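A.B. asks: I'll drop the sequence and a predicted model, then ask my questions.
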Amino acid sequence: MSKSRLDTETHQNKRLSLQQFKGVVSHPSDAETYDIKRWAANAMKKAACVVYPTDVEDISAAILFAREQTLPIAISGGRHDVGGASSVEGGVVIDMREMNAVRVDKENKIGYIQGGTTIRQAVKELFKHGMATTLGHCGSVGCVGLAIGGGLGFKVGQHGLACDNIVSATMVLANGEVVFVHPDLLWGIKGGGSNFGVIAELGMRLHVARPDVCMMQNLYLPEQLPAVVAELSAWLELQTPQELVFLIFLLSPDGKPCLLLNGVADFSAEDGERLWNRFLKPSPIASKIYQVPYDAYCASVDEYTLLPGNKAQAGAHFNKFDYGTVKLAYDMWLTVTLKAPMSAVMYEFYHYELVASIPVEATAFPQRTKDKTALIGIYGFDDEWALEAKQAMTDLQACVSSSSTEETRKSIGYINYTVLATENDTDAIARKAFGPNYPRLQQLKRRYDPEMVFDKWFCIIPSGA
């Protein structure tokens, strides 16, 4: 990237310049540096300028500049939010990608991860020290956005959610102040997202990690679904915290529907093969069981980050996994692929015992049950099918949980998945998402961001507003 461009441009009759900014300041006419691309094409919005801070002083300058010019702010990390929380029309995007350093305090087992660090970058650096923490599966996702929204990942069964492993944070508030976050605000960012400021660095608890993991990739025909569901159900009765499996409905490269079973276990090759061999019983048409270095694991789903086009997605919770309901979801998904051919439904079988053992009020993240999660992804649809795509997403979400208990059916799904997080005309979605923790989040909002400068992800209205 080139050095900061401080000559002025006009947007909505406002001069956009940052006199004290050390990083890059980019405008729509700057072809080399103006990057508003997002994983979801429909999440891309034309910002007045994109700034790339290099330190906390840059972040502070960007916030104060935007507020002085009465321009809205969006924070961009990994740029994966499907609802568009990392984009803003006619405003200032604070793109954190240049702040991607990782420091390891091996003695105290804490990793300090800057706000623009991707999972791939963090895992690689932590792995050099034989350490790991709970991070996601997709290497290009931003660590901070994942962690402060809850944080699902391979290590959930052993170490809890990513947010449960946050021990400290350095943050820039709405007034430009740089703070080392104290306990009340730390509680808020453990699941409360980007509602209180820009996180420059997270301190995360680290754990000694195996050097490698054992993976499984099995492909089945649709007619094998009953046998696959039966084998998964039997495995769930024995699942240990070191084991994770995904069941995915998707179209193959030649457009044929198939069932993909992905597994990862924190085991040696011998123990992993013994575990995954049970899924050979339904006779997959293709199977691969293999050992990979731990730092290579997060590259295993990188191909999914290359999916082009528009996207809508949501999560679902379920506590009953039965063939009848799964078959209904499969049939509904298959119909959706006629208009959105890259769509997928992914049943996620994390081991949630540890997550559920933590009291709801211990962190802002409220979803502390043993319910399993699912990702509903409507991908690759045309602009004119946008409303239908959202309805298809909602219908599939309801279908996945339809045989579960009433309380589970009411869930909006894992909060860091849903496109509804950016529907902020009211705080109705936020109230539903955070449940009993919402009033405390409102109090924090009143103290740290009463003017709602940061309002792109689950609109939290300050108490007394």
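C.D. replies: Received, thanks.
A.B. asks: can you give me the end-to-end distance of stretch 353-366?
C.D. replies: Distance across stretch 353-366, first residue to last, is 15 Å (Cα to Cα, to the nearest Å).
A.B. asks: try stretch 93-105
C.D. replies: 31 Å.
A.B. asks: ditto for stretch 420-437
C.D. replies: Stretch 420-437 has its terminal residues 18 Å apart, counting by Cα to Cα.
A.B. asks: what do you get for stretch 354-366?
C.D. replies: The first residue of stretch 354-366 is 14 Å away from its last residue (Cα to Cα).
A.B. asks: which residues are contacting it?
C.D. replies: The contact list for stretch 354-366 (Cβ atoms under 8 Å, 6 or more residues apart in numbering) reads 150, 156-161, 163-164, 187-192, 241, 368-370, 415, 433-437, 440-441. No exception for glycine: its C-beta is placed from N, CA and C like everyone else's.
A.B. asks: in helices, which of these appear?
C.D. replies: When DSSP state H is applied, those are split such that 156-159, 187-189, 433-434, 440-441 fall in helices.
A.B. asks: of those, closest to Arg97?
C.D. replies: For Arg97, the closest of those turns out to be Ile189, at 20.2 Å, with distances computed as Cβ to Cβ.
A.B. asks: what sits against the closest one?
C.D. replies: 148, 163, 166, 169, 171, 181, 196, 199, 364.
A.B. asks: quick check: the second one touching Lys190?
C.D. replies: Yes: between Cys163 and Lys190 there is a contact under Cβ atoms under 8 Å: 4.1 Å.
A.B. asks: can you pull the residues that touch both of those two?
C.D. replies: 148, 363-365.
A.B. asks: what two of the residues you listed have the greatest distance between them?
C.D. replies: Between any two of those, the greatest separation by Cβ to Cβ is 10.4 Å, found for Ile148 and Thr363.
A.B. asks: so between these two, which is more surrounded?
C.D. replies: When neighbours are counted by other Cβ atoms under 10 Å, Ile148 comes out ahead of the other of Ile148 and Thr363, with 29 against 23.
A.B. asks: common neighbours of Ile148 and Thr363, please.
C.D. replies: Taking Cβ under 8 Å, 6+ apart as the contact criterion, the residues that touch both Ile148 and Thr363 are 163, 190-191.
A.B. asks: which of the residues you listed tops the neighbour count?
C.D. replies: Counting neighbours by other Cβ under 10 Å, the top entry in these is Gly191, with 28 neighbours.
A.B. asks: quick check: the residue nearest to that one when sequence neighbours are not counted vs Leu306, distance?
C.D. replies: Computed as Cβ to Cβ, 6 or more residues apart in numbering, the closest residue to Gly191 that is not its neighbour in sequence is Phe365, at 2.6 Å. Noted for Phe365: a distance of 30 Å to Leu306, by Cβ to Cβ, to the nearest Å.
A.B. asks: which of the two has more neighbours?
C.D. replies: Remark: of Phe365 and Leu306, Phe365 carries more neighbours, 28 against 8, as counted by other Cβ under 10 Å.
A.B. asks: secondary structure class for that one?
C.D. replies: Assigned with DSSP: H, G, I helix; E, B strand; the rest coil, Phe365 falls in the coil class.
A.B. asks: so which of the shared contacts of Ile148 and Thr363 is the closest to Tyr294?
C.D. replies: For Tyr294, the closest of these turns out to be Cys163, at 21.3 Å, with distances computed as Cβ to Cβ.
A.B. asks: before we move on, what SS does the closest residue to Val88 other than its chain neighbours have?
C.D. replies: If the residues on either side of it in the chain are set aside, Val88 comes closest to Ala74, at 3.8 Å by Cβ to Cβ, 6+ apart. Using three-state DSSP, the secondary structure recorded for Ala74 is strand.
A.B. asks: residues contacting Ala74?
C.D. replies: Remark: with contacts taken as Cβ under 8 Å, 6+ apart, Ala74 is in contact with 47, 85-88, 91-94, 456.
A.B. asks: again, only this time at 7 Å
C.D. replies: When the contact criterion is Cβ atoms under 7 Å, 6 or more residues apart in numbering, the partners of Ala74 are 85-88, 91, 93, 456.
A.B. asks: from these, which is closest to Thr118?
C.D. replies: For those, the closest approach to Thr118 (Cβ to Cβ) belongs to Ser86, at 13.4 Å.
A.B. asks: would you confirm that the closest one contacts Arg79?
C.D. replies: Yes: the pair Ser86 / Arg79 is scored as a contact, 5.4 Å apart, by Cβ atoms under 7 Å.
A.B. asks: neighbour count: those two, which is higher?
C.D. replies: Residue environment comparison for Ser86 versus Arg79 gives the larger neighbour count to Ser86, 29 against 23, counting by other Cβ under 10 Å.
A.B. asks: in terms of pLDDT, where does the nearest residue to the more buried one once chain neighbours are set aside sit?
C.D. replies: Counting by Cβ to Cβ, 6+ apart, the nearest residue to Ser86 once its immediate chain neighbours are dropped is Ser76, at 4.1 Å. At Ser76 the predicted local distance difference test score is 95.
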